[in-house]
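[1] pasting a predicted model and its sequence here:
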Amino acid sequence: MENQCLRLIFRIVLFTFVTLNSISCKKKTEKNIINESSLVIGQVDSIYSNVLGESREIWIYIPESAKEKSNEAAKYPVLYLLDGPSHFKSLAGMVDQLSLASGNMVVPEMIVVGIANTNRTLDLTPSQVDIDFISGDSIPYISGGGNNFLDFVEEELIPHMEKAYPASGYRTFVGHSFGGLSVINALVTRPELFSNYVAIDPSLWWDNRGFLNFADSLLTKNRFENKSLFIGVANTLEEGMDIESVQSDTVPDTYYTIQMKSIMKFVKSLESKEYNNLLFKWEYYPDDDHGSVPLITEYDALRFLFPWYRLDGVNDLYSQNSTMSTDDILKMINSHYENISNKFGYKIIPSEQFINNMGYGFMNNDMNEKSFALFNLNIQNYPRSSNVYDSMGDCFLAKQDSTQALKYFTKALQVGKNDFSQEKIDMLKSKLKAE
């Protein structure tokens, strides 16, 4: 078995070297035909850590709405991501797609912080291990710096983000493999640090399951009020095995079974601990291995963590059969955002884009009173936005009140220049002159 594993590792290393070398050569030959324009999804920052004694690179995605003048005071939840360079692009894109940045409200708009490692095993393992407990061989790499790394995250990285960026104190921690091990370590030893924890196929076999047993004991005796954990489990089974059979005590520990055996022991134990108040879910992905499972786990985890964020049933309000009055709708919106505020721990007002979309939904269905109420709510919440006055002008146009429409289009231009308000002003002045 050991020789087979060594041969497999050698093949993977050789394939990786050849592939990267091939990609490098290809880039050199193609550089003259590639357009120099770039699509930028984030920025690279760095922070010197006194805890770690070195500089650390961080990759940061910030929602586009943070750059708008009307949102200058806004704060955003933050998703801290281990193995940042490996997962940053996919997770930042996913947050962008599922949030208001793409017209959705499955999850809130968030800042994503991808953390790079200089020594991954040292950073992400909670204890030093010198001997491979399966083979009995010495381990050549350094380990056991996980708690020191979490000190860096808690004492230096998070304060840096909350000082230099519009980052709030509502945080989510995501990690894969050894990163998942680090996420579980943070959950059980520093539960106050994050609200949400996502462990993707975590390496709970580490230290001959010593940390697994340690974590399980803390999850038994402590309470985790308002904390959420999602675990994704990949298919790492040997051929002919299934998820039930691998949990048998008669199945020996091998390099192929140890990953899933350890995770299954952990999740089954967690399922019996409902009294600890941890909001917990796990999912098995039979069609994904250890390398492919992060993407689907991240998607399912985001949906699990924020079921309270989206306001359901909005489209039903546009029906002529709806019995909701204007006051009822405003109360429903206020109640929903009060709940979101309670979850985040700070006041959240309805987003300008969401309320604006609702206002046009009512206007397009000849419900002008409700449309007016929604646009007026936006003016109250975002008085520095040119768009909210332009929308109110459209509302008065729908009411065929040209005078009031002209007033709001003019106000829109006073707050901020835009082409569409000026076009409407020119049209209305021409119409009023003709009359």
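    Right, received. Where do you want to start? Just so you know, these numbers come straight off a predicted model, no measurement behind them.

[2] residues near residue 381, how many?
    Residues near residue 381, counting by other C-beta atoms under 10 Å, number 15. Where you see a C-beta, it was placed from the backbone N, CA and C, and this is true even at glycine.

[3] contacts only, for it.
    Contacts for residue 381 were tallied using C-beta atoms under 8 Å, 6 or more residues apart in numbering; they are 349-350, 352, 355.

[4] at 6 Å what do you get?
    residue 349 (C-beta atoms under 6 Å, 6 or more residues apart in numbering).

[5] next up, phi/psi of residue 44, please.
    Reported as degrees, to the nearest 10, the phi and psi values for residue 44 are phi -100, psi 130.

[6] tell me the secondary structure at the closest residue to it other than its chain neighbours.
    Spatially, and ignoring its direct neighbours in sequence, residue 44 is nearest to residue 59 (5.8 Å; C-beta to C-beta, 6 or more residues apart in numbering). Under the three-state scheme (DSSP: H, G, I helix; E, B strand; the rest coil), residue 59 adopts strand.

[7] can you pull out the helices in the stretch 1-150 of the chain?
    2-30, 84-98, 120-124, 146-152 (DSSP state H, counting those that start in this stretch).

[8] residues in contact with the shortest one: which ones?
    Right, the one you point to is helix 120-124. 117, 141-143, 145-146, 149, 178-179, 182.

[9] pick the one among these closest to residue 191.
    Nearest to residue 191 among those is residue 182, at 14.2 Å by C-beta to C-beta.

[10] my guess is that closest one contacts residue 175. True?
    Yes - Residue 182 lies in contact with residue 175 (C-beta atoms under 6 Å); the separation is 5.2 Å.

[11] now do stretch 305-325: distance to the chain's middle.
    Distance of stretch 305-325 from the chain centroid (C-alpha atoms, centre = their mean, to the nearest Å) equals 24 Å.

[12] now it: average pLDDT?
    The pLDDT scores in stretch 305-325 average 95.

[13] next, the distance between the ends of that stretch.
    End-to-end distance for stretch 305-325: 32 Å, by C-alpha to C-alpha, to the nearest Å.

[14] same question, stretch 344-353
    20 Å.

[15] now do that stretch: distance to the chain's middle.
    That offset, for stretch 344-353, works out to 17 Å (C-alpha atoms, centre = their mean).

[16] what's the answer for stretch 356-373, then?
    With C-alpha atoms, centre = their mean, you get 31 Å for stretch 356-373.

[17] cool, stretch 274-282 as well?
    20 Å.

[18] which other residues reach that stretch?
    Counting by C-beta under 6 Å, 6+ apart, 219, 223-225, 227-231, 267, 270, 304 sit against stretch 274-282.

[19] from start to finish, how long is it in a straight line?
    14 Å.

[20] identify each buried residue in that stretch, please.
    276, 278, 280-282 (16 or more other C-beta atoms under 10 Å).

[21] most widely separated two among the residues you listed?
    276 and 282 (15.2 Å).

[22] need the buried residues of stretch 274-282 in JSON lines (columns: distance to residue 91).
    Rendered in JSON lines, the data for those read as follows (distance: C-beta to C-beta, whole Å):
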{"residue": "276", "distance to residue 91": "28"}
{"residue": "278", "distance to residue 91": "23"}
{"residue": "280", "distance to residue 91": "21"}
{"residue": "281", "distance to residue 91": "19"}
{"residue": "282", "distance to residue 91": "19"}
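
[23] sounds good, over and out.
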